[in-house]
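Student: Give me the fold of what follows.
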Amino acid sequence: MGFSPRQTIALKRNLDRRYVRTREANGRELSYIEGWYAISEANRIFGFDGWSRETIESKSVLTRENRGTSLAVYIARVRITVQAAGTTVIREGHGTGQGHGPSPGEVPDIALKAAETDATKRALATFGKPFGLALYGSKTASRLKTPAPEPRPLHQGQHQATLPPDDTTPIPRPSRYYGRRQDLVTRDRAQGRRQMALPPSTDTSIVPVSPDQQPGRIDKSALTIAEPRRLRDKAHLRFVASHPCLVCGRQSSDPHQLRFAQPRALGLKVSDEFTVPLCRDHHRKLHQAGNEVAWWHDLSIKPLVIAKALWDESRMKAYPSR
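Tutor: Model prediction:
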């Protein structure tokens, strides 16, 4: 057993019912935990640098479009690796996910993220009850007990304060739509805008502002533990879509984001600057191929070079004075 006594106790604890969600499926009520909570528990128990997640396989099993609405279904296999006292523990899990909406470029990404999240939760569930294993037993979510808070160390002269046994004050948490919206980033941006103390009469909706110059935007690439910049610019996506397909030259095109251009993050797409135009057919074939780098290599196309040229051209048109 490579886990420490503290980790073993944490893995044996029951699931906190406050984080159990329910949904209707085929006339049955299913209980589950959300992806953000499973990852948070893994960080708490194993340590932020004590485990890793890797997508071993992903595949599109269905893509369909009907009257302007796209549907995509993906399957994924995820591997969880935990380092515990010199011992490497590996678990794997399979998951499925679907996405639907008006944008054919975003729907496959939504489906793939949902499949990866589902596979991650199933792999983590093999470690114990805190990751949702308790939901597969005979007890239902309503019978799960809320664990008592751990006592804090007291200094001399202090007394331990206790909470009423029926205290169920909810702990602030991210939104349930973790895969589609990063609430922590939204919160940081809102705090930044408040710190800028813009006057109420300031109207920023008329004059376009460069994405890397927006007030309150956090540039995480300048932090001590840097993260890749992920810029968002809808005008640039429309500009890319106005170009012909890189493979066959047909129009109209979808703006395809090169997923290998930046490290993959749960619920985050790559920056909009890594976007190239593809027609609907080749866009679908690329998502079905799985290995995007090999797909571009077989066509003798350098998408990163083209994406950079399109980004520079878009910037010159949107902000000629820069």
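
Student: from here on, contacts and neighbour counts on C-alpha atoms
Tutor: Fine.

Student: so Ala76 sits right up against Leu112, yeah?
Tutor: Yes - under the criterion of CA atoms under 8 Å, Ala76 is in contact with Leu112, at a separation of 7.4 Å.

Student: where do the contact lists of these two overlap?
Tutor: By CA atoms under 8 Å, 6 or more residues apart in numbering, Ala76 and Leu112 have these common neighbours: Ser58.

Student: Surely Ile301 is within a helix?
Tutor: No - under DSSP: H, G, I helix; E, B strand; the rest coil, Ile301 falls outside any helix and is assigned coil.

Student: what pLDDT, on average, does stretch 31-39 get?
Tutor: Averaged across stretch 31-39, the pLDDT comes to 89.

Student: Stretch 79-97 too?
Tutor: Average pLDDT, stretch 79-97: 90.

Student: Please apply the same query to stretch 136-146.
Tutor: Averaged over stretch 136-146, pLDDT sits at 53.

Student: One more: stretch 235-252?
Tutor: The predicted model gives stretch 235-252 an average pLDDT of 89.

Student: Give me the contact list for stretch 241-252.
Tutor: Counting by CA under 8 Å, 6+ apart, stretch 241-252 makes contact with 253-255, 276-279, 282, 299, all of which sit outside it.

Student: Repeat that for stretch 4-13.
Tutor: Outside stretch 4-13, the residues within contact range by CA under 8 Å, 6+ apart are 45-46, 84-85, 127-130, 147.

Student: which ones among the contacts of stretch 241-252 are found in helices?
Tutor: If you go by DSSP state H, the contacts of stretch 241-252 have His282 in helices.

Student: most neighbours, which of the contacts of stretch 241-252?
Tutor: Neighbour counts for those, by other CA atoms under 10 Å, peak at Pro277, which reaches 31 neighbours.

Student: Look up how far Glu116 lies from Ser31.
Tutor: From Ser31 across to Glu116, the span is 19 Å (CA to CA, to the nearest Å).

Student: who has more neighbours, the two?
Tutor: Shown here are Ser31 and Glu116; by other CA under 10 Å, Glu116 has more neighbours (30 against 16).

Student: show me the contacts for that one.
Tutor: With CA under 8 Å, 6+ apart as the criterion, the residues that contact Glu116 are 55, 75-78, 95-97.

Student: Out of those residues, the closest to Arg122 would be?
Tutor: Gly95 (7.5 Å; CA to CA).

Student: hang on, the closest one in a helix?
Tutor: No - the secondary structure assignment for Gly95 gives strand rather than a helix, going by three-state DSSP.

Student: And it, how close does it get to Trp51?
Tutor: Taking CA to CA, one finds Gly95 at 20 Å from Trp51.

Student: swap in Gln262?
Tutor: Distance of Gln262 to Trp51, given as CA to CA: 21 Å.

Student: Could you give the number of residues near Arg13?
Tutor: Arg13 is flanked by 13 other residues according to other CA under 10 Å.

Student: Specify which member of the contacts of stretch 241-252 is nearest to Ala289.
Tutor: Of all the contacts of stretch 241-252, His282 has the smallest distance to Ala289: 10.2 Å, by CA to CA.

Student: Could you pull up the residues touching that closest one?
Tutor: For His282, the residues meeting the contact criterion (CA under 8 Å, 6+ apart) are Val247.

Student: what's the distance between it and Thr63?
Tutor: With distances defined as CA to CA, the gap from His282 to Thr63 amounts to 13 Å.
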